[in-house]
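> just need the structure, nothing else, for what follows:
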Amino acid sequence: MALALGAVLALVLRRRGGGDGAVSSPAAPGTPDAAGDAPERRGGLPDPDELFRQERYGEAIHALLLRALLELGRRSRELAPSSTSREIVRRLAPETALFSALLPLVSAVERMHFGRQPAGRAEYTDCAAHYRRFTEAWRATAR
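Numbers count the residues shown, from 1 in each chain. Predicted structure coming up:
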């Protein structure tokens, strides 16, 4: 899983030119901005809303995490494309809103992939709320 996250992040960063330092805000799934996102703006990542509609909750949660990691990678040249999601979270200050929003996403994906626990609608709803908190914190730190 960690290698998969690193590989996806590396692929996305390569597609986008290696992280040009541009600061953009991620759109929370289900918001007007998310609906109008061009695929290239989202780095070719899967659409969590579509996965949710297909009741593929685990994949939808994973897509939320990948979107958050993509945004972090765009801003930080210090993040190696091979970094695991757990390593990335550890680099954030624990008292920050970014940390408290991202950690539950990482934990959920780890439970699903490493613990092989299935995700349901409730887990996706919780993770989507954490992703929205991440986007709010992201916008606040981008100013």
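> helices or strands up against the host helix or strand of residue 88?
For residue 88, the host element (DSSP states H and E) is helix 85-91. Contact analysis of helix 85-91 by 3 or more C-beta pairs under 8 Å, 6 or more residues apart in numbering; DSSP states H and E lists helix 2-15, helix 57-75, helix 97-113 as its packing neighbours. C-beta: built from backbone N, CA, C; applies to glycine.
> dump those helices to a markdown table, plus distance to residue 83, mean pLDDT and mean neighbour count.
Shown next, in a markdown table, are these (distance: least, C-beta to C-beta, whole Å; pLDDT from 0 to 100; neighbours: other C-beta atoms under 10 Å):
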| stretch | distance to residue 83 | mean pLDDT | mean neighbour count |
| --- | --- | --- | --- |
| helix 2-15 | 6 | 40 | 16 |
| helix 57-75 | 8 | 92 | 23 |
| helix 97-113 | 12 | 95 | 19 |
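> so can I have TSV of these showing distance to residue 128?
Converted to TSV, the helices and strands packed on helix 85-91 look like this (distance: least, C-beta to C-beta, whole Å):
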stretch	distance to residue 128
helix 2-15	19
helix 57-75	7
helix 97-113	10
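> of all these, which one is nearest residue 129?
Smallest distance to residue 129 across the helices and strands packed on helix 85-91 (C-beta to C-beta): 9.0 Å, for helix 97-113.
> how big is the angle separating the helix or strand following the closest one from helix 97-113?
Once the chain leaves helix 97-113, the next helix or strand it forms, by DSSP H and E, is helix 121-142. Orientation check (axes from the mean of the first three to the mean of the last three C-alpha atoms, to 10 degrees): helix 121-142 against helix 97-113 gives 150 degrees.
> and the angle from helix 121-142 to helix 57-75?
Using the same axes, to 10 degrees: helix 121-142 against helix 57-75 is 10 degrees.
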